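Engineer: next come a sequence and a model predicted from it.
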Amino acid sequence: MNYHKRRAQKSREALLAAAESAFLENGYSDTSIDVILQASGVSRQTLFSHFGSKENLFLEMCNTMFLRELPELQPSVDYFSGLVDFLFTYSSVVMRDRNVASLRLAITESRKFPELSFNRYKQGSSKMIAMLHEYLKEGMTKGLIRECDSIVLTEQLLMSTLGYRQYRALLGNSDNPASAEQYIKTALLGVVTTKGKNRLKKIPLFADL
């Protein structure tokens, strides 16, 4: 990458970082371009050269922020090790303060930017659901996951992993009556077969089954 491309990339990253902090703190309407320019150290001309408008900068920031942290479901020699690792990563990513703030912002601005919520679901949530769906279907063929509508089971597993923790976080409630480990343990026990339960015992979190 030559000097000019490196400089352009650095300016773009600075704008996105400044926009992320400003929009998450103040929302779209209460964030001025001047605040972003001052925080990023980038000129107004450069901002419009990269994004064309405040609106486009906002949408790009939202997409970039959310998609960069999506967890991957890595195949594992032991079926449940890969599943448990994914659920822990998913839970951790979703519950990070900035990601909770990002979801709150998407909800708040959904009327003004309906494509924001649509893209967030299409590029984020739906991809994770599809990825986990395939993994659970594999578990069903092995007799480890109970047979049922696998899409419904997939969504139930993801939601059970979070419980009401995300909802409370969106409302600014810091109460946490149970740990992530307890939620994940309860969620998985709701989808495994007897054969699967015996396999789960090999994982330290489930050793007391």
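Structural biologist: Noted; the coordinates are in hand. Numbering: from 1, shown residues only.

Engineer: which residues of the protein fall in helices?
Structural biologist: 3-26, 33-40, 44-51, 54-67, 79-94, 97-108, 114-120, 126-141, 150-162, 165-170, 180-189, 194-200 (DSSP state H).

Engineer: export those helices to CSV and tack on mean pLDDT and distance to residue 208?
Structural biologist: Quick note: C-beta positions are derived from backbone N, CA and C, even for glycine. Conversion of the helices of the chain to CSV gives the following (pLDDT from 0 to 100; distance: least, C-beta to C-beta, whole Å):
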stretch, mean pLDDT, distance to residue 208
helix 3-26, 91, 40
helix 33-40, 96, 50
helix 44-51, 94, 53
helix 54-67, 85, 36
helix 79-94, 92, 15
helix 97-108, 90, 31
helix 114-120, 84, 38
helix 126-141, 93, 22
helix 150-162, 93, 19
helix 165-170, 91, 23
helix 180-189, 93, 10
helix 194-200, 94, 11
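
Engineer: how about CSV for these, with mean neighbour count and distance to residue 206 added?
Structural biologist: Output for the helices of the chain, formatted as CSV (neighbours: other C-beta atoms under 10 Å; distance: least, C-beta to C-beta, whole Å):
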stretch, mean neighbour count, distance to residue 206
helix 3-26, 16, 37
helix 33-40, 16, 46
helix 44-51, 15, 48
helix 54-67, 18, 31
helix 79-94, 19, 8
helix 97-108, 16, 27
helix 114-120, 15, 33
helix 126-141, 16, 15
helix 150-162, 17, 15
helix 165-170, 16, 21
helix 180-189, 17, 7
helix 194-200, 16, 4
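
Engineer: could those helices be laid out in a markdown table, adding distance to residue 73?
Structural biologist: Below are the helices of the chain laid out as a markdown table (distance: least, C-beta to C-beta, whole Å):
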| stretch | distance to residue 73 |
| --- | --- |
| helix 3-26 | 26 |
| helix 33-40 | 35 |
| helix 44-51 | 33 |
| helix 54-67 | 16 |
| helix 79-94 | 4 |
| helix 97-108 | 18 |
| helix 114-120 | 19 |
| helix 126-141 | 5 |
| helix 150-162 | 11 |
| helix 165-170 | 20 |
| helix 180-189 | 14 |
| helix 194-200 | 17 |
